[in-house]
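A.B. asks: Sequence first, predicted coordinates after that:
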Amino acid sequence: MDISLEKKESRFGWKLIAPSIGVIGLLIIYPILYNIYLSFFDVKLTGDKLFVGLANYQRLLRDAAFYNSLVTTSIYLVGTVIGSTVFGLLVALLMNLKFPLRNAARALILLPYFAPVISVVFGWQFIFDPVNGIYNHMVVDVFEFTNKRHNLIGVPDTALLVVIIFDIWKHFPIAYLLIISKLQSINKDLYEAAAIDGCGPVSRFFHVTLPELYFVLGTIVILRLIWNLNKFEDVFLLAPNVETLPIFTYYTAFTGLIDQGFAASISVVQFLVLSFLIYFYVKKILKW
């Protein structure tokens, strides 16, 4: 019996994507499933595993360090997501105006994002170095606001603030690019109609610009939440004493009293939160 053309095309399509599905399954799906499996065991240093059921999750609910990392992660997420989005919006509004050397300025704005993270981290560590750093030199020697030098990265509370500022500086260009591309596509007739109705610049921003940017801003916020909940290298390289969830999981799994089963349960909770954010993004933002 002849196979219809549609079935042939369907089979050919599956053959084309089969290698990709295999790679995704090997590199993504298998580690996720194995991590969930590992969270139900007490993993020994010898590699032996003892089944403990939900004991790791029960312990997680009683662990003060876990709740501290949740608080730290929440502050980090709120600060970085709002900061990078608002800063990207302000820069996009400025770059949407006409002024000399605007194209050069637009190019320079992208440098923080494309610069290698290891090099810019070392630069920021030098800025806040308690002995020879630029920050302490300006605060203590130049402006004389205080006569005591501070190690802002060495103290967890102030280190968190430095990490948030660093992330805003490093990643606001993404928000800027998405926002300015939308700004340039807004129909100018809307602004002219609003001006005729007596709306000033501020009123036009809230009644014309912001509604047009709703989808873009929502996308930026959700994506930044997803990315920053997983952020490891920026935080760890700049201030390893700031224990967000990824850093806390790393310390639990690979340093000190190594406890990979417990670390697996932490990452499962993180995975569930990420899954909810991705679902919200797909359903509410993309509306698939």
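C.D. replies: Ah, there it is. Numbering: from 1, shown residues only.
A.B. asks: got a list of what Gln125 touches?
C.D. replies: By Cβ atoms under 8 Å, 6 or more residues apart in numbering, the contact set of Gln125 is 153, 238. For every residue, glycine as well, the C-beta is placed using N, CA and C.
A.B. asks: redo that, cut-off 10 Å
C.D. replies: 133, 153, 162, 237-239 (Cβ atoms under 10 Å, 6 or more residues apart in numbering).
A.B. asks: Tell me the confidence at it?
C.D. replies: On the pLDDT scale, Gln125 is placed at 90.
A.B. asks: Kindly provide the distance from it to Phe166.
C.D. replies: 10 Å (Cβ to Cβ, to the nearest Å).
A.B. asks: How about Leu237?
C.D. replies: From Leu237 to Phe166 the distance is 10 Å (Cβ to Cβ).
A.B. asks: next one: Lys188
C.D. replies: Taking Cβ to Cβ, one finds Lys188 at 37 Å from Phe166.
A.B. asks: So for these two, which sits in the more crowded spot?
C.D. replies: Using other Cβ atoms under 10 Å, the more surrounded residue of Lys188 and Phe166 is Phe166, with 24 against 7.
A.B. asks: quick one on the thing from earlier: which neighbours do Gln125 and Phe166 share?
C.D. replies: 153, 237-239.
A.B. asks: Among those, which are located in helices?
C.D. replies: The helices, defined by DSSP state H, take in 237-238 from the shared contacts of Gln125 and Phe166.
A.B. asks: farthest pair in the shared contacts of Gln125 and Phe166?
C.D. replies: Pairwise distances across the shared contacts of Gln125 and Phe166 (Cβ to Cβ) peak at 11.0 Å, for the pair Ile153 and Leu237.
A.B. asks: The shared contacts of Gln125 and Phe166 into CSV, with extra columns for neighbour count and distance to Phe40?
C.D. replies: Formatted as CSV, those follow (neighbours: other Cβ atoms under 10 Å; distance: Cβ to Cβ, whole Å):
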residue, neighbour count, distance to Phe40
Ile153, 25, 38
Leu237, 16, 33
Leu238, 22, 34
Ala239, 26, 33
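A.B. asks: Need the shared contacts of Gln125 and Phe166 in a markdown table (columns: pLDDT and distance to Val216).
C.D. replies: Shown next, in a markdown table, are the shared contacts of Gln125 and Phe166 (pLDDT from 0 to 100; distance: Cβ to Cβ, whole Å):
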| residue | pLDDT | distance to Val216 |
| --- | --- | --- |
| Ile153 | 91 | 34 |
| Leu237 | 92 | 30 |
| Leu238 | 93 | 29 |
| Ala239 | 91 | 31 |
